[in-house]
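>>> got a structure for you, letters missing:
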């Protein structure tokens with residue numbers, strides 16, 4: 001069973017709906033498609049974040065970046 005959703009539009013949303021329905025799609029079909037595409041983008045972005053977090057960082061190179069920045073800034077204050 002399909003649910004009905006009501007939205008309030010503003011001028012920007014109306015312009016977007018005009019673009020999405022220019023090829024003859026109904027507003028309802030255009031909104032459904034936009035929601036599905038937005039969900040796919042979010043799921044893909046989340047999957048990419050998870051994949052990036054699982055990537056091996058490699059071996060430490062022995063450089064303490066925080067200490068390097070701190071030393072550089074100490075020199076600026078003199």
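Noted; the coordinates are in hand. No experiment lies behind these values; they were computed from the predicted model shown.
>>> list the buried residues of the top helix by length along the chain.
Taking DSSP state H as the criterion, the chain has its longest helix at helix 27-54. Across helix 27-54, burial judged by 16 or more other C-beta atoms under 10 Å covers 30, 31. (C-beta placed from N, C-alpha, C; glycine too.)
>>> tell me the first helix or strand C-terminal of it.
Next in sequence after helix 27-54, counting helices and strands by DSSP states H and E, comes helix 65-76.
>>> average pLDDT for that next one?
Across helix 65-76, pLDDT averages out at 86.
>>> off-centre distance for it?
33 Å (C-alpha atoms, centre = their mean, to the nearest Å).
>>> do stretch 20-39 as well
Distance, centroid of stretch 20-39 to centroid of chain: 20 Å (C-alpha atoms, centre = their mean).
>>> quick one: contacts of it?
7, 17 (C-beta atoms under 8 Å, 6 or more residues apart in numbering).
>>> try it again with 10 Å
2, 4, 5, 7, 9, 13, 14, 16, 17, 18, 19 (C-beta atoms under 10 Å, 6 or more residues apart in numbering).
>>> equivalent analysis for stretch 58-68, please.
Under C-beta under 10 Å, 6+ apart, the answer for stretch 58-68 is 70, 71.
>>> start to end distance for that stretch?
20 Å (C-alpha to C-alpha, to the nearest Å).
>>> pull out the buried positions in that stretch.
Buried residues in stretch 58-68 (16+ other C-beta under 10 Å): none.
>>> ditto for stretch 11-19
Per 16+ other C-beta under 10 Å, stretch 11-19 contains these buried residues: residue 17.
>>> what mean pLDDT would you report for the longest helix of the chain?
97.
>>> now do that helix: distance to the chain's middle.
Worked out by C-alpha atoms, centre = their mean, helix 27-54 lies 9 Å from the chain centre.
>>> same check on stretch 48-65?
Counting by C-alpha atoms, centre = their mean, stretch 48-65 comes out at 22 Å from the chain centroid.
>>> ends of that stretch, how far apart?
Stretch 48-65: ends 26 Å apart by C-alpha to C-alpha.
>>> re the thing from before, narrow the contacts of stretch 20-39 to those in helices?
Filtering the contacts of stretch 20-39 for helices - DSSP H - leaves 13, 14, 16, 17, 18, 19.
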